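>>> Can you look at this prediction? I've put the sequence above it.
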Amino acid sequence: MTRLIILDRDGVINEDSDDYIRSVDEWIPVPGSIEAIARMSKAGFTIAVATNQSGIGRGYYPLSELFAMHDKMNRLVQAQGGHIACIKYCPHTPDEGCQCRKPETGLVEQIELDLNLSASGAWFVGDSLKDLQCAERKHCQPVLVKTGKGKRTLAKGEELDDVPVFESLAEFADHLLTLPLT
């Protein structure tokens, strides 16, 4: 089993909004998510984040604000004794046709290059169908959490055969850390 875990950001690590998370002040962790990342990191997992951030392409917030959000996330995880190995983001809008916007696999490929690891077999935790589709395209193990847009995704029921579902990232971490190491 690979020791890589790829996390979506909005709705998995932090609270999501249909109006976009536009500032560091709006970036609020989902309860238990920061501690979950730290626990998985301390257990020897490499944590990466793959996030669509079309709010940049739409002009809702500048890159400097995105970097401030990621700095806040990193500082909170580090304060709990954990580490996020890399964060990759797609700033493009859906109509730009890029290869990095999930469900395309460019962000995962960037993670693989940056970390010199294969994502094949990695856990990929998301709250949307796009996350799950990206995971499957890269031969990752998709996981759906009910936080963020997860309950909406679950209600649609599309392409969710054999996808494990957890209430939150914290519940996923609880499960993962009970599995035997292979």
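Ah, there it is.

>>> quick one: average pLDDT of the helix ranked longest in the chain?
What stands out as the longest helix in the chain, according to DSSP state H, is helix 63-79. Taken as a whole, helix 63-79 has a mean pLDDT of 98.

>>> Downstream of it, the next helix or strand is which one?
Per DSSP states H and E, helix 63-79 leads on to strand 86-90 as the next helix or strand towards the C-terminus.

>>> Tell me who's in contact with the closest residue to H70 other than its chain neighbours.
With sequence-adjacent residues excluded and distances taken as CB to CB, 6 or more residues apart in numbering, H70 is closest to I87, at 5.3 Å. Using the backbone N, CA and C atoms, a C-beta is placed for each residue, glycine as well. I87 sits next to R9, A48, V49, T51, H70, M73, N74 when contact means CB atoms under 8 Å, 6 or more residues apart in numbering.

>>> you'd agree the first one is up against V49?
Yes - under the contact definition of CB atoms under 8 Å, R9 touches V49, with a separation of 5.4 Å.

>>> which residues do these two both contact?
Joint contacts of R9 and V49 (CB under 8 Å, 6+ apart) are M73, I87.
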